[in-house]
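*Asks:* following is a predicted model, sequence given first.
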Amino acid sequence: MQGLVNWKALHDLKFASLMRRLPQEKGGDKKARGGGVNWDEVANMYNEMTRMEARSTAQAISLLPIGPEDSVLDVGCGPGRLIVPLAKIARSVTGVDAFAQMLSFARQNAQNAGLKNIKFLQKSWLDDDALEAIGKHDIVVASRSVGLGDIEKLNKTAKKFVVLMCFFESSLREIWQGFLQGIADEQPQEAGESERRACASETCERKRREEARENDRMFGYNVTFNMLYDMGANPNVRIMQDIYEKEFASREEAYEHFRFAGEIPTDKERIYRANVDKYLTQTASGWRFERRARSYVMWWDVREILQI
C-alpha cells in the first residue's frame, strides 16, 4: 500500500551512501564489500567498544522475540557484539561479515564464551548471491550495519521476525573519535593555542550534532517505521539508553586503555587526556568511565507482510 508519502524512496535516499558499491579491483575490493569503508582498519576499536556496552546490549536483546528453537542471522556481525548473547538464548546463530579481521574478533569472543552453536561466514550482504549463500533464518538481525539499507532483502531472509538496531543519537564513530577531539588540528604556533582550537572545534562539533539531531527527527527511524507500516507490518520500537562503561584503577590506566582510538602525538597528549577526563568520575576504588548514547530497536513480523 502506497500512502501520501513515498517512505520507501526516502528510506533509499537516507541509506544511499551505505549501499553504494565502489568499483571493484581484481580480486575484490574490501571497500566495495562494506558500503565504501574498510572496516578491518577499525576492527580493534570496535571490539574494545563492544566490550564496554555489554550491559546495554543484553538489555536490548532481552526485548526481542527470540526463543530456544530459533535460528538467528546477524547481518554485518562485526566483532560479535550481538552474537555471543544471542547464542545463549537461540538454537543457532550465523554471523555474516565481509571483513576478515572483524570475523577474527567475533570467533575469538565466541570461543572465549565457550559457545558451540555459532557459524561464521565471510560474505558481503551487498553481493548478488548473498541470499543464496546465507540461507533463510527464523530471525534476521541488522545492527549498525549495511543490512539497514535493504529492508526487502531482510524480509526475504527471515521466516519470522526482522530486527533493526541503530543509533538514535551520535554514533560509535563519533564516540571513539571524541577521544581525538582537537588532536588532528595543525601544530599550534604558541602555548595555549591548542586548547583554544580544541575548544573551538568542540563548539563546532556540538553545533553539528545539534543540527544532525534536528535532521534525525525528520529522517530518523520514522522513515523505516512508516515504510514498513505501508507494507502491512506493525513494527515495535523501543528507544534504549546505551552506556559505554568501564572501571579503572587509575586515570593512567584509563589513558592507556583508550589509545586504541588512534595515534596520539606527544605534543597532543594533554588534549587527549582532557578528552578522556570528560567522561571519568572518581569512585571509592578508582575511576569510572561512562559515555551515554541512545539507540532504537525495531522489530516486526515478516508474516504480516507476506499476507498482503
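*Replies:* Noted; the coordinates are in hand.
*Asks:* show me the shaky parts of the stretch 101-250 of the chain.
*Replies:* Within the stretch 101-250 of the chain, the segments meeting pLDDT under 70 span 184-219.
*Asks:* can you give me the helices in it?
*Replies:* Taking DSSP state H, counting those that start in this stretch to define them, one finds helices in the stretch 101-250 of the chain at 130-134, 151-157, 172-177, 193-218, 221-231.
*Asks:* and residue 240, what does it touch?
*Replies:* Residue 240 is in contact with 56, 59-60, 294-297, counting by CB atoms under 8 Å, 6 or more residues apart in numbering. For the C-beta atoms, the positions are set from N, CA and C on the backbone; glycine is no exception.
*Asks:* among these, name the ones in helices.
*Replies:* 56, 59-60 (DSSP state H).
*Asks:* so which of these comes closest to residue 162?
*Replies:* Comparing those against residue 162 with CB to CB picks out residue 60 as the nearest, at 15.0 Å.
*Asks:* any idea how far the closest one lies from residue 11?
*Replies:* Residue 60 sits 22 Å away from residue 11, going by CB to CB, to the nearest Å.
*Asks:* number of nearby residues for residue 58?
*Replies:* Residue 58: 12 surrounding residues under other CB atoms under 10 Å.
*Asks:* which residues does it contact?
*Replies:* Counted by CB under 8 Å, 6+ apart, residue 58 has contacts residue 85.
*Asks:* try 10 Å this time
*Replies:* Residue 58 makes contacts with 84-85, 88, as judged by CB atoms under 10 Å, 6 or more residues apart in numbering.
*Asks:* tell me the one of these nearest residue 270?
*Replies:* Closest to residue 270, out of all of the contacts of residue 58 and judged by CB to CB, is residue 84, at 37.5 Å.
*Asks:* my read: the closest one touches residue 113, true?
*Replies:* Yes: taking CB atoms under 10 Å as the definition, residue 84 is a contact partner of residue 113 at 4.9 Å.
*Asks:* these two: who's more crowded?
*Replies:* residue 84 (23 against 15).
*Asks:* which helix or strand contains that one?
*Replies:* helix 83-87 (DSSP states H and E).
*Asks:* and that helix, how far from the chain's centre?
*Replies:* On the basis of CA atoms, centre = their mean, to the nearest Å, helix 83-87 sits 16 Å off its chain's mean C-alpha point.
*Asks:* could you point out which element follows that helix?
*Replies:* That would be, after helix 83-87 and using DSSP H and E, strand 92-97.
*Asks:* which strands or helices does that following strand pack on?
*Replies:* Judged by 3 or more CB pairs under 10 Å, 6 or more residues apart in numbering; DSSP states H and E, strand 92-97 is in contact with strand 71-75, helix 83-87, helix 100-112, strand 118-122, helix 130-134, strand 137-143.
*Asks:* JSON lines for the ones you listed, including distance to residue 42?
*Replies:* JSON lines is the format used below for those (distance: least, CB to CB, whole Å):
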{"stretch": "strand 71-75", "distance to residue 42": "18"}
{"stretch": "helix 83-87", "distance to residue 42": "18"}
{"stretch": "helix 100-112", "distance to residue 42": "9"}
{"stretch": "strand 118-122", "distance to residue 42": "17"}
{"stretch": "helix 130-134", "distance to residue 42": "23"}
{"stretch": "strand 137-143", "distance to residue 42": "16"}
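*Asks:* nearest to residue 237, of the ones you listed?
*Replies:* Nearest of those (CB to CB): strand 137-143, 14.7 Å.
*Asks:* in its sheet, which strands sit next to the closest one, and in what direction?
*Replies:* strand 71-75 (parallel), strand 158-169 (parallel) (DSSP bridges).
*Asks:* tell me the bridge partners for the residue lying closest to residue 283 once chain neighbours are set aside.
*Replies:* On the basis of CB to CB, 6 or more residues apart in numbering, the spatially nearest residue to residue 283 that is not a chain neighbour turns out to be residue 247, at 7.4 Å. Beta-bridge partners for residue 247, by DSSP bridges, are residue 288.
*Asks:* contacts only, for residue 247.
*Replies:* Residue 247 touches 253-254, 283, 285-290, counting by CB under 10 Å, 6+ apart.
*Asks:* hmm, back to that, and the contacts of residue 240, which is closest to residue 167?
*Replies:* Closest to residue 167 out of these is residue 295 (5.3 Å), distances taken as CB to CB.
*Asks:* partner residues bridging the closest one?
*Replies:* Counting by DSSP bridges, the residues bridging with residue 295 are residue 167, residue 240.
*Asks:* same question, the one 5 residues further on
*Replies:* When bridges are taken as DSSP bridges, the partners of residue 300 come out as residue 162.
*Asks:* ok, it touching residue 163?
*Replies:* Yes: assessed by CB under 10 Å, residue 300 is found in contact with residue 163 at 8.6 Å.
*Asks:* got the domain boundaries for this protein?
*Replies:* The chain breaks down into these domains under automatic domain parsing: 1-168+220-242+294-308, 170-218+250-285.
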